[in-house]
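1. build me a model from this:
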Amino acid sequence: MERKIFIAGASFCVLSVVLGAFGAHALKASLSEASLQTFETGVRYQMYHGLLLLILGMLPLLNLKTKKLAAILVGVGVVLFSGSIYLLATNSMTNFDFKTIGFITPIGGTVLIFAWLIIIKGFVKKIDNN
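-> Next comes the predicted model:
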């Protein structure tokens, strides 16, 4: 399972670099400054959580069940949070109004918060058992 967590983390990280470069260069002429900043927020949170997955895979303090649950929540949270931000930021470039799915962003954020809480709970549980 740790292997899958590492692969997911590294994939999120490399994709955030690619999307960051795409936003900074390819989208610069097409999006407003506010939309570019919004896009960058999605990239930043994706990178943070990719790094979290890399660290999570290495942590001997957490059991595999906790790692797996946290990794799943991070994966879902990043797709919902960052993914919806990417769509909202590029809304002006499509015929579909992505603002209708804007409610997905806070759901993704909430899922990410739960992932962090699961990790904290795992640490507390491990510390209490020692």
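
2. burial count for Phe6?
-> The number of residues packed around Phe6, counting by other Cβ atoms under 10 Å, is 16. To be clear about C-beta, it is placed using only N, CA and C from the backbone, and glycine gets the same treatment.

3. is it true that it touches Leu54?
-> Yes - when contacts are counted by Cβ atoms under 8 Å, Phe6 is listed as touching Leu54 (6.2 Å).

4. which SS class is Asn95?
-> coil (DSSP: H, G, I helix; E, B strand; the rest coil).

5. look up phi and psi at it.
-> Backbone dihedrals for Asn95, given as degrees, to the nearest 10, come out at phi -90, psi -20.

6. which stretch of helix or strand covers the residue positioned nearest the centre of the chain?
-> By Cα atoms, centre = their mean, the chain has its centre lying nearest to Val78, at 2.8 Å. Assigned by DSSP states H and E, Val78 belongs to helix 64-89.

7. from the contact counts, what lies against that helix?
-> Helix 64-89 is packed against helix 2-25, helix 33-58, helix 104-129, with contacts defined by 3 or more Cβ pairs under 8 Å, 6 or more residues apart in numbering; DSSP states H and E.

8. out of the ones you listed, which comes closest to Ala89?
-> Of all these, it is helix 33-58 that lies closest to Ala89, at 3.9 Å by Cβ to Cβ.

9. what does stretch 89-96 contact?
-> The list of residues contacting stretch 89-96 from outside it, by Cβ atoms under 8 Å, 6 or more residues apart in numbering, reads 23, 27, 30-32, 35-36, 38-39, 42, 97-99.
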